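> Sequence and predicted structure are below.
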There are 2 protein chains.
Amino acid sequence: MAAPTIARERVHDTAKLRAIDVDIHPQITDWGAVAPFVPEGLRHRFTRRGGPPMARNGFKVVGDPFGDVPKPPTSDATQPHPAADPAWIKEHYLDAHGVDLAILTTNLTSLGVQPNADMAAAIARGVNDWLLETWVRPFDCFRGSILVAPQDPAQAVAEIDRLADNPGMVQVLMGSASESPLGRRQYHSIYEACARHNLPLALHLGGEGAGMSPPSTAVGHPSTYFEWYGAIPQNYMAHIVSMVTEGVFEKFPTLRVVLCEGGIFWLPHLMWRFDKNWKAQRSETPWVKEPPSAYILRHFSSTTYPLEASGAAELGQVLEMVEAERTLMFSSNYPNWLYGDPFAMVADIPEAIRRRVLVANALALYGDRLLD
Amino acid sequence: MAAPTIARERVHDTAKLRAIDVDIHPQITDWGAVAPFVPEGLRHRFTRRGGPPMARNGFKVVGDPFGDVPKPPTSDATQPHPAADPAWIKEHYLDAHGVDLAILTTNLTSLGVQPNADMAAAIARGVNDWLLETWVRPFDCFRGSILVAPQDPAQAVAEIDRLADNPGMVQVLMGSASESPLGRRQYHSIYEACARHNLPLALHLGGEGAGMSPPSTAVGHPSTYFEWYGAIPQNYMAHIVSMVTEGVFEKFPTLRVVLCEGGIFWLPHLMWRFDKNWKAQRSETPWVKEPPSAYILRHFSSTTYPLEASGAAELGQVLEMVEAERTLMFSSNYPNWLYGDPFAMVADIPEAIRRRVLVANALALYGDRLLD
C-alpha cells in the first residue's frame, strides 16, 4: 500500500465545529488489506476467506441492521457496505449531516475474548496500522482509536506506547467483553499506559458471551439477540462497580473511560444503590475514599446512541442525574441505525446543554488530539 | 507466639530413609493462631468464627473422610482432629508407619479462586508463617510448601521470594482450582520465580467449581461429591495441555510440577492423543518443539494416593507408560484415607521401582531441601 500523501494540519476551528461523532464503525471488507500490517508468520491467517479467527457469541440482528443510514447504490458492486469507503462516508454521512469529526471504533468487539492472545495482539496491531493508513491519515475528518487486546497486558501496553504519539489517534479502545471484571489487577498496566499518555479508554459492547467471556448476563446465556442486547448494560454496570471498588481511579486519577452504545438510563439507579452500600460496607476497601457516584461522574462518559427514551418526559431528569452537560457525547453508531435516526435521538436534548453534547464534551475529553 | 527453640540440622541419611510422604494435610483448627502472622488490618477477618472467608464449591464427602487413619482418643477434647497436632502425628502416623519425612500441603485448595486477591495473599502469607513456626521449624520430619494465591501474581512472586531460602520450605503450592488454564501468561511470573529458586510447583485439587473457578467439568457443574471427584482429573488434563501448548516448559526449562491426589491412569491416553495432534497441528504453536509427551514426562510428577486400581493386572503397564520409576512419588493424603490405606495402595508396585517411588524420586526432585 502506498504511503499517505495528504498532509495533516490543524484545520478545525473549535468555534465552527457543528458536531463530533464519537462512535462510528468502519467496516473491514477485505482482510487482505490488513494482512500487510501484521507479522509475516501470521499473515496467512488474515488472508484466508473471512479473515482471522474471531470469537462469536452467536447473536445477530434479525433483518436490516442499517435502518435509514445512507447506503451506496447497490449497483456498485465494489462498495456494497455503507461503512466500507471513507471518502464515500465523508461525503454521504459526515458532510451531508454537518458532522465535522468522527472517531472510529472499528467493530472487533470480541477481540478481548479471543483465546489466542498473540493472535489477538496481532489483529489489534494490524487493524490499527490499516486504520491509520487508509482512514485517519488521508482524511482530516477521521480520528482513530488504538485497539488493544487485554489478554496479554504487556502487548497491549506496547501497542499503546507504539501509537500514542501518532497524530490522529485519540483514545485506547477495548471491547467491554472481557475475561474478568475490568477493575481486576491484571488490567492495571493498561490503565497506567492510558493515563501516562493522557488517552481516554473507550469500551465498546458486542463480544459479550463469546469466546473467553463469561455468559453475557449475571444469570447465564440469553437466547436471542433481543434478550442479549436488552441485558447488555449489566456488563457496563459490573465493570463500573469493579473499577470503582478495586480502586482504579485512586490509582490512576486522570484516567477517563467512555462507555459506547450503552445508554444512560440505568446509571442513576447504580449510583444511588452503590453510594448507599458504600456508607455501610467500605471498610473492606478503604481506598474507595469518595462515594462511588463521585468517581463515576468524574471518570465515565457515555454516548447518545441509542438513548433509551429520547422523547420521554423524564429525559431532562435523567440528563441531570448523570450530569450530561459534562458526561454525554453525541454518537451515531454509524452504520448501525436500526434503533432509529441518531439526530432524531438527540432532538429533545435541552438547548442549554445541546452544544456540550454535540461538540464541547468531546473537545474537553479528547483535547488537542481531536484538532491536530 | 514464642520463637522456635529447636535447632535444625541435617539428621537424615538418605540411605536410611524408609519412606517420604509428599502430600499430608495439616489441619488449621484455630485460625486465631494464624492471625498474628497476617497484616494487622486484616486480623479481624481471621479471628472471626470459622476463619477468613474462603470460597466453597458445596461438595463434601458423605460420611467419615478419614477411613482407618490413626485417630486421637475422642475423650481428648482439645485434639479432636487427626491432623491438628504435629507431635501426635509424628508419633502415631510417621513413626508408627516408618515414614521419615512428610511434605505439608495444608488444605486451602480454593485459595486461588478466592475473589479478594489481597485477602488471598494475606491468607497465604499467614498460613506459611504459621506452618513454619508450628510444624516445620520444631520438627525435623516435616517440610513445608510455600502456599501462594495466583490471582495477584506480583504478590505470589513476592511471597516466593520472601520464603524461598527458608530452611524447610521445599516447594511452591497452588490449588489446581484457578480462574484460567495454568499455561496462560498471567501465571508465568510465578513460574519464573519457581525456576529461579529451583522450587518445584505442587498443584493440589479441591477448590474446583468454587469462587472464581469455572465449573469443575468441561460440560458444567456436577451434582454430587461422587460426580465431582470422579471428574477431577479433567482439570489436571486441561492444565497439562495448557502449560505445554503455551510453551511454559520452553520458557522455564527447569520448572517441575507435582500433581497431587490426581492418580495416573488417565495420563497415557492424554499423551497418546496429544502427541498425535501435535504432528498435525503444531504450526500454530511453533515453540512446542517436542512431542507433548516429552514435556509431560520430563516436567510432571504424580503422587500415589489415590492410585486408581492398585491391584489391577494392568498396573505394571500403566506404571511403565507414565515412567513411574522417575515420576511417581509416595503420598498418604493424611488424614483423608477414605479411599483406603495408603500403604496397601502401593503394595503391588514392583520391587524394581519400589524404593524410587517411596524415597528416591522425591529426593531427586526436591534435593537437599528435603535433607537440610
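Structure's in. What do you need?

> got any ranges where the stretch 201-350 of chain A has weak pLDDT?
Low-confidence segments of the stretch 201-350 of chain A (pLDDT under 70): none present.

> who in it is up against chain B?
For the stretch 201-350 of chain A, the residues in contact with chain B (CB under 8 Å from any CB of the partner chain) are A:Glu284. Backbone N, C-alpha and C define where each C-beta goes, glycine included.

> what about the helices in the stretch 201-350 of chain A?
Listed in chain order, the helices of the stretch 201-350 of chain A (DSSP state H, counting those that start in this stretch) span residues A:225-231, A:233-245, A:248-251, A:267-281, A:292-299, A:315-321, A:324-327, A:342-345.

> counting contacts, what elements does the longest one pack onto?
Packing partners of helix A:267-281 (3 or more CB pairs under 8 Å, 6 or more residues apart in numbering or on different chains; DSSP states H and E): helix A:233-245, helix A:292-299, helix A:315-321.

> Compare these and give me the one nearest B:His97.
Shortest distance between B:His97 and the helices and strands packed on helix A:267-281, using CB to CB, is found for helix A:233-245: 49.6 Å.

> and that closest one, how far out from the chain's middle?
Counting by CA atoms, centre = their mean, to the nearest Å, helix A:233-245 is centred 16 Å from the centre of its parent chain.

> Using PDB, list the CA coordinates for stretch A:286-293.
Provided in PDB are the C-alpha atoms of stretch A:286-293 (Å, rounded to 0.1, in the frame of the first residue of the first chain):
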ATOM      1  CA  PRO A 286     -10.600   1.700  52.500                       C
ATOM      2  CA  TRP A 287      -9.100   3.100  49.300                       C
ATOM      3  CA  VAL A 288     -12.500   3.900  48.000                       C
ATOM      4  CA  LYS A 289     -12.500   7.300  49.700                       C
ATOM      5  CA  GLU A 290     -15.400   9.100  48.000                       C
ATOM      6  CA  PRO A 291     -19.000   8.000  47.300                       C
ATOM      7  CA  PRO A 292     -18.900   5.800  44.200                       C
ATOM      8  CA  SER A 293     -21.100   8.300  42.300                       C
END
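
> Tell me which residues of that stretch come out buried.
With burial defined by 16 or more other CB atoms under 10 Å in any protein chain shown, the residues of stretch A:286-293 counted as buried are A:Val288, A:Pro291, A:Pro292, A:Ser293.

> what do you get for stretch A:186-206?
A:186-188, A:190-195, A:197, A:199-206.

> quick revisit: how about the buried residues of stretch A:286-293 in JSON lines, adding distance to B:Ile264?
Listed next are these as JSON lines, based on distance: CB to CB, whole Å:
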{"residue": "A:Val288", "distance to B:Ile264": "48"}
{"residue": "A:Pro291", "distance to B:Ile264": "56"}
{"residue": "A:Pro292", "distance to B:Ile264": "51"}
{"residue": "A:Ser293", "distance to B:Ile264": "56"}
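
> which two in those residues are spaced the farthest apart?
A:Val288 and A:Ser293 (11.6 Å).

> What ranges does the stretch 1-150 of chain A have for its helices?
A:43-47, A:86-89, A:96-97, A:117-131.

> if you compare those helices, which one is most tucked away?
Burial of the helices of the stretch 1-150 of chain A is given as mean neighbour count (mean count of other CB atoms under 10 Å in any protein chain shown); helix A:117-131 ranks first at a mean of 24.

> For A:Tyr58, give me its contacts.
Slight slip there: residue A:58 is Gly, not Tyr. The neighbours of A:Gly58, taking CB atoms under 8 Å, 6 or more residues apart in numbering or on different chains as the test, are A:Gly209, A:Ala210.

> ugh, wrong one, A:Val359
Contact analysis of A:Val359 by CB under 8 Å, 6+ apart lists A:Thr14, A:Leu17, A:Arg18, A:Ala19, A:Ile20, A:Phe330.

> quick one: secondary structure of it?
Under DSSP: H, G, I helix; E, B strand; the rest coil, A:Val359 falls in the helix class.

> how much space is there between the closest residue to A:Pro268 other than its chain neighbours and A:Met271?
Spatial nearest neighbour of A:Pro268, chain neighbours left out: A:Met321 (4.3 Å); criterion: CB to CB, 6 or more residues apart in numbering or on different chains. For A:Met321, the distance to A:Met271 equals 8 Å [CB to CB, to the nearest Å].

> Could you do A:Ala324 as well?
For A:Ala324, the distance to A:Met271 - CB to CB - is 14 Å.

> So for the two, which residue has more residues nearby?
A:Ala324 (23 against 19; other CB atoms under 10 Å in any protein chain shown).

> could the helices of the stretch 1-150 of chain A go into JSON lines alongside distance to A:Ala360 and mean pLDDT?
Formatted as JSON lines, those follow (distance: least, CB to CB, whole Å; pLDDT from 0 to 100):
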{"stretch": "helix A:43-47", "distance to A:Ala360": "40", "mean pLDDT": "93"}
{"stretch": "helix A:86-89", "distance to A:Ala360": "24", "mean pLDDT": "96"}
{"stretch": "helix A:96-97", "distance to A:Ala360": "19", "mean pLDDT": "97"}
{"stretch": "helix A:117-131", "distance to A:Ala360": "26", "mean pLDDT": "97"}
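
> didn't A:Ala154 look like it was pressed against A:Tyr187?
No. Counting by CB atoms under 8 Å, A:Ala154 stays clear of A:Tyr187, with 12.0 Å between them.

> joint contacts of these two?
Counting by CB under 8 Å, 6+ apart, A:Ala154 and A:Tyr187 have no contacts in common.

> Helix, strand or coil: sort out the residue lying closest to A:Met243 once chain neighbours are set aside for me.
Take A:Met243 and drop its neighbours on the chain: the residue closest to it by CB to CB, 6+ apart is A:Gly183, 4.2 Å away. Following three-state DSSP, the label given to A:Gly183 is coil.

> A:Gly183: neighbouring residues, count only.
By other CB under 10 Å, the residues close to A:Gly183 number 20.

> Centre of the chain to stretch A:188-199, how far?
16 Å.
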